[in-house]
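Asks: The sequence and its predicted three-dimensional model are supplied below.
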Amino acid sequence: MTEVNSNYQLIRNQSIRICSFLSIEDHISQPVMYVSPPKWQLGHTTWFFEQFVLKDGMDNYKLFDPDFAFIFNSYYNFIGERVVRYRRGNVTRPSVEKVHEYREYVDKFMAEFLISPNAHAFKEVIALGLNHEQQHQELLVTDIKYILGANPLWPVYDVNSHYEEVYNTSDGLVSIDEGVYEIGYNGTGFCFDNEMGRHKVYLPKYTLQNRLVTNGEYLEFVKSGAYKQFEWWFDDAWTWINNEKINSPLHWHSIDNEWYHFTLAGLKKIDTEALLCHVSYYEACAFAEWKGMRLPTEAEWELASGMLDWGKRWEWTNSAYLPYPGYLKAEGAVGEYNGKFMVNQMVLKGSSTATPEGHGRSTYRNFFHTNMRWQYSGIRLALK
């Protein structure tokens, strides 16, 4: 468990570093339901280790505060009642200071537990907890951006932030011949349960672009009037953009006939060479249709990943988020981690500049609803 012990504190410290640029007030804001306050995320990732490791694995462990399970449980019905998601920003107490005390308290006992004889029996749960925290570190970055982007003053998070300044370094096309192939996790390290169930798929010959769509390319789509032209959009998407008054990617702003976007370093003119981000599945599909192309499937993307330049943006695929053959949910609360979300969502592959180092894999299956776009999500096109 020596490596786990070392990684534990490194990963836990990274969450604190991400939030170190925030004011106290920034920690409690929740402008929309799907954005969680940073304070809640700091508490929730701590509660995971208390609930699933210390409470069950350490003799005579005393909960920091019995009410915290109600406040910081996310969606685990097996655990019990919880604050509903859209009301997390209403929980002004405990204070940010108290949440930091909570983290220090749990980390102290985790340090003791990780060198105890019981630790090995909890090795898989601890690894899940660390990867869970890394997921929340990416969410912290994107949620903080949404929180600050909703502020009419567009405040700067960090003047040295460069999450948006990412560029293509490859071009051309990648083709895969027709055949029967295997996809799914096939390693010895950590993976999430939704990656398991390696299985065969048949694919006709296909071709993907070895580059992602840039801001400049998407700006042409916007300027063409595509957001007012129904022919590019799914019916659900057309209803969405009209009901929500959508006319550009999230965080884009037209000011005095110039296009800007809000970045974590503040409001800036759009860099047309940088990679597009913050688009929904709906927008990705409409753009592909406008270009006479399509989105790749999850299997196509994964099989070609060894030849693709990826890892800069989450890439929408044209595959529904469904269980792989033979998928089995774990018993109890841990089984709620992925399985119960396998409906009405689409798969994204790759990773982004906000993804913690070492957290990405070609088999990783990210998933969001078709209208979600607050993540660093972009577009890779496939030939029809």
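Replies: In hand now; what should we look at?
Asks: neighbours of the closest residue to Leu54 other than its chain neighbours, just the number please.
Replies: Spatial nearest neighbour of Leu54, chain neighbours left out: Tyr61 (4.8 Å); criterion: Cβ to Cβ, 6 or more residues apart in numbering. In this view, the C-beta of every residue, glycine as well, is placed from N, C-alpha and C. For Tyr61, the neighbour count with other Cβ atoms under 10 Å is 16.
Asks: Look up how far Gln51 lies from Tyr61.
Replies: Using Cβ to Cβ, to the nearest Å, Tyr61 is found at 11 Å from Gln51.
Asks: For the residue of the chain most remote from its centre, give me the pLDDT.
Replies: No residue in the chain sits farther from the centre than Asn60, which is 35.9 Å out by Cα atoms, centre = their mean. On pLDDT, Asn60 comes in at 94.
Asks: Next, it: secondary structure please.
Replies: Following DSSP: H, G, I helix; E, B strand; the rest coil, Asn60 is assigned to coil.
Asks: which element is the closest residue to Thr272 other than its chain neighbours on?
Replies: Take Thr272 and drop its neighbours on the chain: the residue closest to it by Cβ to Cβ, 6+ apart is Gly216, 3.1 Å away. For Gly216, the host element (DSSP states H and E) is helix 215-223.
Asks: Mean confidence (pLDDT) on that helix, please.
Replies: Averaging pLDDT along helix 215-223 gives 98.
Asks: Please report how far the closest residue to Phe341 other than its chain neighbours lies from Gln375.
Replies: Of all residues not flanking Phe341 in the chain, Phe367 sits nearest, at 6.7 Å (Cβ to Cβ, 6+ apart). Using Cβ to Cβ, Phe367 is found at 11 Å from Gln375.
Asks: burial measure for Tyr86, as a count.
Replies: By other Cβ under 10 Å, neighbour count at Tyr86 equals 13.
Asks: mind checking how far it is from Ser36?
Replies: 10 Å.
Asks: try Trp316
Replies: Trp316 sits 23 Å away from Ser36, going by Cβ to Cβ.
Asks: which one of these two has more residues nearby?
Replies: Trp316 (30 against 20).
Asks: That one: what's it in contact with?
Replies: By Cβ atoms under 8 Å, 6 or more residues apart in numbering, the residues touching Trp316 are Val279, Tyr281, Ala284, Cys285, Leu295, Met346, Leu348, Ser377, Gly378, Ile379.
Asks: And for the second one, nearest residue in space, chain neighbours not counted?
Replies: Nearest residue to Tyr281, sequence neighbours excluded (Cβ to Cβ, 6+ apart): Thr370, at 4.2 Å.
Asks: what do you get for the third one?
Replies: Using Cβ to Cβ, 6+ apart and skipping residues adjacent in sequence, the residue nearest Ala284 is Trp316, 4.3 Å away.
Asks: That neighbour - that's part of a strand, no?
Replies: Yes - counting by three-state DSSP, Trp316 is found in a strand.
Asks: Quick check: bridge partners of it?
Replies: Counting by DSSP bridges, Trp316 is bridged to Leu348.
Asks: still on that earlier bit, where do the contact lists of Phe367 and Gln375 overlap?
Replies: Shared contacts of Phe367 and Gln375, defined by Cβ under 8 Å, 6+ apart, are found at Leu348.
Asks: Pick out whichever of those two has more residues nearby.
Replies: Using other Cβ under 10 Å, the more surrounded residue of Phe367 and Gln375 is Gln375, with 26 against 19.
Asks: phi, psi of that one?
Replies: Per-residue torsions, Gln375: phi -80, psi 170 (degrees, to the nearest 10).
Asks: Might you report the residue contacts of it?
Replies: Taking Cβ under 8 Å, 6+ apart, we find Gln375 in contact with Glu138, Thr142, His278, Trp314, Leu348, Ser352, Ala354, Asn366, Phe368.
Asks: pLDDT score for the residue lying closest to the last one once chain neighbours are set aside?
Replies: In other words, Phe368. In space, and not counting its chain neighbours, Phe368 is closest to Gln345: 6.0 Å by Cβ to Cβ, 6+ apart. As predicted, Gln345 sits at a pLDDT of 98.
Asks: How much space separates Gln345 from Asp256?
Replies: Taken as Cβ to Cβ, the span from Gln345 to Asp256 is 38 Å.
Asks: And these two? Which one has more around it.
Replies: Between Gln345 and Asp256, Gln345 has the larger neighbour count (other Cβ under 10 Å), namely 17 against 5.
Asks: Quickly find the element holding the residue nearest to Phe341.
Replies: Going by DSSP H and E, Phe367 is in strand 366-368.
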